[in-house]
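Q: pasting the structure only:
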DNA sequence: GGAAGAATTGACTTTTACGTAAAAGTCATG
DNA sequence: CATGACTTTTACGTAAAAGTCAATTCTTCC
């Protein structure tokens, strides 16, 4: 496990721009350490980037991703806060399940569409 | 099955604004018929709206949704076009499968986060 | 037949998530 | 030490997806 990654290493690995990484830092999603002014990304930062991009692919906004990421971090000390986090987790879980239903439905409809195309092709094959 | 829905009926059913529906019409995603200037939405339009919102929840852009919707419609006559559609369906299926992996991973991490919270709560319960 | 209540159009605004360009600092290598 | 590849900050720009608002135009209902 490497200790540090440079910003361009991560841009290449994830196919994103330096602007994007700086933007995520501005948004408080990641906090790479500095040597002088230069950012050094630790494996944990790299993992956060991975989680951010995953969230993006699922259609979550930066604000939502921030919320999700916050929940992965160490749980706080206070009981009330813990309850609150658990409630938020429940909520996100609900959203994800909705997305899963959406996903399965869409996959089904794509299957049907493909079948229709294949049938149509068969017809053409016969008629030609 | 009702023959027509008014625009406000659909806004209420789906929790979106008239502006949004008109926007989708401008974008060519739906094409409600008119009585005078008033839009009348058929069940098929309503179903399209359902599909659009599903696409949105999955993080697809309007352009992508347009692409997906086009594939649900009747397959065209020409073999080359049919092949092209099938290829696009394959591609979308790939994206959806990636999303599904992302989704499962996120659900797993949320589970872990919740467990951590529950444990922490148990500790607090013991210590108090 | 006139007032109230929907709908419509068009223009302008907003938010999100970066893109892009300028100007300057950093650092390894020849 | 200078060259070139990277990086940084600052600041303005932009595309997508609506929101908002104003001015009209239908309806319809009493």
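A: Arrived safely, thanks for sending. Remember, it's a predicted structure, so these values are computed and weren't measured experimentally.
Q: shaky segments in chain A?
A: Scanning chain A with the threshold set as pLDDT under 70 gives A:126-128.
Q: kindly recompute the last result at 90.
A: Judged by pLDDT under 90, chain A has its weakly predicted residues at A:1-3, A:72-78, A:124-128.
Q: quick one: name the residues of it near DNA strand D.
A: Counting by C-beta under 7 Å from any atom of the strand, chain A comes close to DNA strand D at A:6-9, A:18-19, A:22, A:37-39. (Glycine included, C-beta is placed from N, CA and C.)
Q: list just the nearest of these to chain B.
A: Set against chain B, the nearest of the residues of chain A next to DNA strand D by C-beta to the nearest C-beta is residue A:19 (19.9 Å).
Q: in a strand, residue A:34, correct?
A: Yes: per DSSP: H, G, I helix; E, B strand; the rest coil, residue A:34 lies within a strand segment.
Q: got the contact list for it?
A: Contact analysis of residue A:34 by C-beta atoms under 8 Å, 6 or more residues apart in numbering or on different chains lists residue A:40.
Q: the longest helix along chain A near chain B at all?
A: Taking DSSP state H as the criterion, chain A has its longest helix at helix A:79-127. Yes: Helix A:79-127 reaches chain B (C-beta under 8 Å from any C-beta of the partner chain) through A:79, A:82-83, A:85-86, A:89, A:92-93, A:96, A:98-100, A:102-103, A:105-107, A:109-110, A:112-114, A:116-118, A:120-121, A:124.
Q: and the residue lying closest to residue A:33 once chain neighbours are set aside, helix, strand or coil?
A: Nearest residue to residue A:33 in three dimensions, chain neighbours excluded: residue A:40, at 5.1 Å (C-beta to C-beta, 6 or more residues apart in numbering or on different chains). Using three-state DSSP, the structure places residue A:40 in strand.
Q: no more questions from me, cheers.
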